[in-house]
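Participant: give me a 3D structure for the following:
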Amino acid sequence: MNNFSGSLRIISLNARSLNNNKFAQLRIILDTLAVDIACIQETHWIDTCKINCKGYLLFNSGETEKNWCGVCILIKKNLSGYISKFDGVNSRVCSIKVNMRCKTLNIVNIYIPVNYTEKQPFFIFLDEYLNKFPKRENLLIAGDFNAKVEKIDIKNHISLGSGTLNIKSDIGGKLLLKLCHKLDLRIANTFFEHSDKREIYTYFSQTYNTWSQIDYFICNRSTMSWIKNIKVLHQVLFNSDHKIIDCSIVIDPKIWHMRKKRNGKSLSKRPKLDIEALNDHNIKTEYIKQIRNNSHKFIDQTNNLSSDTLWENTRDIFNNAASNSLPAKMNYPDWISIESKNLISNLVGSGHYRRNRAMYILNDISHKLRRDKRKFLEDRATEISNSFSAND
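Facilitator: Numbering: from 1, shown residues only. Have a look, this model is predicted:
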């Protein structure tokens, strides 16, 4: 990724419909703030689709007919190669999976119903959906939860910090705390205190003329250590009664090495191949056969391909032919005997063993390697001694 420093800026916003004017306003905000990923609720867009915007890819999840919900995720194009999956569940839930070498980050965008009668079944569905993500993977949930959690609940819930200013919990807040306690999740907003209350409140009710906190970032325990700050951008103006929540993530550079994808396949380190094996007539014949079989797929398309694509396809033909026909190169020292080489080859090429079987083979290899080295040194000493005797 170009100029990637191991940090991500993720925002969440309930847009209250995302028409052309609001979308243009949102694009300016994303460019100004240098946002990497944006989770937007209430787009009021229909269908589940992927849209290519300037500088961003937009994944929308909506209904087939007129939609009063709709959720979407915008991702910077230089990050799009690391997104392995988009799951448009319905008009209220969607998610993306970000693949890294050592970790996987799942980002879920949620818009929870306002109606109390719909909250209970939705939280049951949400519980089932979040349980599908493996525990070893990192999880970050953003969205409009339409839930208030009060400060007094801090003593009873490890999921809640002291950075909440709601006076009283509502039904949605109690359901949210119950879900977080069951799945061992953290309401990350509440763990960051700010002296300015405007950096905490997320929603202004025009009916009651009051501010409250109902939009959150929620994560599992492992993701919590990545989050450096969460605050409401009260100074950023957008035509909505919700404010933009800004989440800054800094990931350890030791684990933030993402596998960029090309043509849908992740790039991995190729094993070294024994080119000298082409001296064998059978291997050489198989190698030529593989090249011919792979090249037939592109013969009819060469006239329509660009020079870069043609070069990539040609390179892939030879690489795939070599991988399918040539053996892996094993650099053994000259003093290792053929018997020890065969033992090592059998261990490497036979897949995973049970622990006791593997230990037995490894001990056997170590014993024979020591024997080979000792015999090699004795033979060399004998040769040197004989050379001196011949000179005398």
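Participant: drop to CA atoms for contacts and neighbour counts, all remaining ones
Facilitator: OK.
Participant: show me where the stretch 1-150 of the chain has strands.
Facilitator: Taking DSSP state E, counting those that start in this stretch, the strands of the stretch 1-150 of the chain run over residues 7-14, 37-41, 49-52, 56-61, 71-76, 83-88, 93-99, 104-111, 138-144.
Participant: may I have the strands that pair with the fifth one, each with its orientation?
Facilitator: The reference is to strand 71-76. Under the criterion DSSP bridges, strand 71-76 sits next to strand 37-41 (antiparallel), strand 56-61 (antiparallel) in its sheet.
Participant: what's the per-residue pLDDT of residue 295 here?
Facilitator: We have a pLDDT of 74 for residue 295.
Participant: any buried residues in stretch 185-196, and which?
Facilitator: For stretch 185-196, a neighbour-count test (16 or more other CA atoms under 10 Å) marks 185, 186, 187, 188, 189, 190, 191, 192, 193 as buried.
Participant: for stretch 239-252, same thing?
Facilitator: Buried residues in stretch 239-252, counted by 16+ other CA under 10 Å: 242, 243, 244, 245, 246, 247, 248, 249, 250, 251.
Participant: quick check, the second one in contact with residue 233.
Facilitator: Yes - shown here, residue 243 and residue 233 form a contact pair, counting by CA atoms under 8 Å, at 6.7 Å.
Participant: returning to that earlier point: quick one: closest of the strands paired with strand 71-76 to residue 229.
Facilitator: strand 37-41 (15.6 Å; CA to CA).
Participant: okay, the angle between the closest one and strand 7-14?
Facilitator: Counting by axes from the mean of the first three to the mean of the last three CA atoms, to 10 degrees, strand 37-41 lies at 10 degrees to strand 7-14.
Participant: and strand 37-41, C-alpha only, in PDB?
Facilitator: Extracted C-alpha coordinates of strand 37-41, given in PDB (Å, rounded to 0.1, in the frame of the first residue of the first chain):
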ATOM      1  CA  ILE A  37     -13.100   3.700   5.900                       C
ATOM      2  CA  ALA A  38     -16.600   5.200   6.400                       C
ATOM      3  CA  CYS A  39     -19.600   3.400   7.800                       C
ATOM      4  CA  ILE A  40     -22.800   5.200   6.800                       C
ATOM      5  CA  GLN A  41     -26.400   4.400   8.000                       C
END
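Participant: hmm, who's touching that strand?
Facilitator: With contacts defined as CA atoms under 8 Å, 6 or more residues apart in numbering, strand 37-41 is touched by 8-16, 69-76, 92, 109-111, 142-144.
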